[in-house]
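Participant: only the shape, not the letters, is given here:
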């Protein structure tokens, strides 16, 4: 009788433990239809029961190493994320899937010695910050198989409501930071206003992620949209020498590599704060996997034997993709998607009757070959072929159905998240107008089909958002050459595109003549209304029933962590107008080039930490950088020429240089060499992020 009772207790405990494993969504496949991409929970559970000889983790050995995050909000639920582990280091699954193993198998123990013991974590969701009323709670387990990440769905929640949440190691006082999140409105709920922060292209070695933190400090938005390039796969910097060097110190290919890179990015304090305070809706661009990805490869790796041997540590294109996808699913607060195959992230959200959010994958899902740098002429020749597709047939069909359904249900607006800029952008090169073939322009037939669907079905009030280029662009969406359009009034457009600069990635190739480039852009593109390539930053969308307002913000410098931002321009779109309100940006912007308006440099800067406004010049920015780097102004002056000091420290940072200042432009390069000598004790040192960011600052002179 005692034996039976004990056995039943063990069985009950075992069943409850299995359910707690299943509660952690990261054991599942990113695809609901392809379970092979997930982790075998039965195997993990049996392993933990069998290996009783090893001591389990004590709570004092464990930490919530990367804070908390939330995302993919529904009206009644939201995804919550954390990582609890014995170390900051990622699980060393530095191996590839091969042989007879299932295509999407990532059972860590098949390749390395996995931890025998699971980590038990409780979670609670509160109606108030003080935690007086619990509205949902649960228990889940995590193991080394999924890099000790934990992702659960908090359910039974009210629509469009703010909640707080916290994780706790079972039977201990070890807790995670307190997170804040927000559910979406009900699909048919009358919703007056929603505010969004839109980001893209955060390159860790290029500078601090100040843009993420500024929205947190202002507490100005409801949700965060990220359009991709959340991480970069390339090697940059030397750990221990360069302040923002990345781990691992190589281009990444393996599952361990991608886990480590994602974890390293998440140590940025402003990124961590954004995840802790806002529900995110992310989608990937190309660099979450590799540069210029398409269905069969990347710019530096493709499905050929030569590329396999020379361009990677003998990891194939498919293996690299699934390593990246698995790590991304583990580390990001997103849901499983009902996938048609193993690489779908495109999905949609109904945000009350206010707008539908359609998040596309214009990079990795099923796109035809793109510009790989060595085949540009070929891509230019075939860019208008009817068979070329940017998103694959399934996604394109889904996209058109989403647009139609959104219009029919009466949503006031449609926000279309596309990594790549949609509006055409012709550039003059050697007397000829060329286009960016690694964008919608390289898939002209796909672009035309989208425009045709919008115009033929009278689907208006479209707001397209994009990243990728590291430059700010604001355009009317028009089918130029097919439908009448007046660039002065906007009449004839079918919507508006807001494309944002990068959080930290360099813009315009690191050149210093962004003003000239932005002014030249409009002459070749009548739908382009504002262009600015100087600042790193982000933009916010205030969605209302009668109008959309876009506010662009720039970070004065990302060479240091700081809370400064400059309002660059504000734009308005009235409901049913389908174009930007005129005059563009109220007739005035802080920087760049604006059609039918003027640029007025004020240097008026907001300290998002204190709420104070002040005029901050370039000299103050540089002095701050020098102090942060531990370089005295005296040493800098000794190492500098007088002219270098003049251009670098004293010259107004917004001043537009004309041809008479070419000598000063050239002298700026000497300043970079000076910093190398002062910071590294020799000419030609790596310079790290400061050198690159100073180059970035000077591009706006």
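Facilitator: Everything's here; your move. Not measured: the values here are computed from a predicted model. Numbers count the residues shown, from 1 in each chain.
Participant: all contacts plus neighbour counts: C-alpha atoms, from now on.
Facilitator: Fine.
Participant: can you confirm residue 224 is in a helix?
Facilitator: No. Secondary structure of residue 224 (DSSP: H, G, I helix; E, B strand; the rest coil): strand, not part of a helix.
Participant: tally of neighbours for it?
Facilitator: Residue 224: 23 surrounding residues under other C-alpha atoms under 10 Å.
Participant: and the nearest residue in space to residue 592 that is not next to it in sequence, what are its bridge partners?
Facilitator: Spatially, and ignoring its direct neighbours in sequence, residue 592 is nearest to residue 532 (4.0 Å; C-alpha to C-alpha, 6 or more residues apart in numbering). Note on residue 532: beta-bridge partners by DSSP bridges are residue 472.
Participant: and for the one 5 residues further on?
Facilitator: Beta-bridge pairing of residue 537 under DSSP bridges involves residue 554.
Participant: does it touch residue 501 like I think?
Facilitator: Yes. If you go by C-alpha atoms under 8 Å, residue 537 and residue 501 touch, sitting 6.1 Å apart.
Participant: what about these two, which has more around it?
Facilitator: Taking neighbours as other C-alpha under 10 Å, residue 537 and residue 501 compare with residue 537 leading, 34 against 31.
Participant: tell me the contacts of the more buried one?
Facilitator: 199, 210-211, 500-504, 552-555 (C-alpha atoms under 8 Å, 6 or more residues apart in numbering).
Participant: residue 126 now?
Facilitator: Counted by C-alpha under 8 Å, 6+ apart, residue 126 has contacts 132-136, 163-165.
Participant: do residue 268 as well
Facilitator: 208-209.
Participant: for it, phi and psi?
Facilitator: Main-chain torsions, residue 268, degrees, to the nearest 10: phi -60, psi 130.
Participant: how close does it sit to residue 73?
Facilitator: Counting by C-alpha to C-alpha, to the nearest Å, the separation of residue 268 from residue 73 is 24 Å.
Participant: ditto for residue 302
Facilitator: 36 Å.
Participant: who's more crowded, those two?
Facilitator: residue 73 (28 against 20).
Participant: need the three-state assignment for the nearest residue to residue 371 once chain neighbours are set aside.
Facilitator: Residue nearest to residue 371 in three dimensions, not counting chain neighbours: residue 438, with 5.3 Å by C-alpha to C-alpha, 6+ apart. Of the three states, residue 438 takes coil under three-state DSSP.
Participant: what strand or helix carries residue 214?
Facilitator: Taking DSSP states H and E as the definition, residue 214 sits inside helix 210-218.
Participant: list the buried ones in that helix?
Facilitator: 210-217 (16 or more other C-alpha atoms under 10 Å).
Participant: which other helices and strands does it contact?
Facilitator: helix 269-277, strand 536-544, strand 547-555 (3 or more C-alpha pairs under 8 Å, 6 or more residues apart in numbering; DSSP states H and E).
Participant: most packed of these?
Facilitator: strand 536-544 (a mean of 24; mean count of other C-alpha atoms under 10 Å).
Participant: now it: average pLDDT?
Facilitator: Mean per-residue pLDDT for strand 536-544: 98.
Participant: now swap in stretch 459-479 and tell me
Facilitator: In the prediction, stretch 459-479 has an average pLDDT of 97.
Participant: and for stretch 601-615?
Facilitator: Mean predicted confidence for stretch 601-615 is 93.
Participant: do the same with stretch 363-383
Facilitator: 89.
Participant: contacting residues around it?
Facilitator: Residues contacting stretch 363-383 (C-alpha under 8 Å, 6+ apart): 285-286, 292-296, 298-300, 343-344, 388-393, 419, 437-438, 441-445.
Participant: quick one, what contacts residue 357?
Facilitator: So residue 357 contacts 348-351, 414-417 (C-alpha under 8 Å, 6+ apart).
Participant: need the three-state assignment for it.
Facilitator: Going by three-state DSSP: residue 357 is strand.
Participant: what does residue 455 give?
Facilitator: Residue 455 is classified as helix under three-state DSSP.
Participant: report how many residues lie close to it.
Facilitator: When neighbours are counted by other C-alpha under 10 Å, residue 455 comes out with 17.
Participant: and the nearest residue to it once chain neighbours are set aside, what does it touch?
Facilitator: Closest residue to residue 455 apart from its sequence neighbours, by C-alpha to C-alpha, 6+ apart: residue 494 at 7.1 Å. Each residue near residue 494 by C-alpha under 8 Å, 6+ apart is listed here: 454-455, 459-462, 476-478, 578-579.
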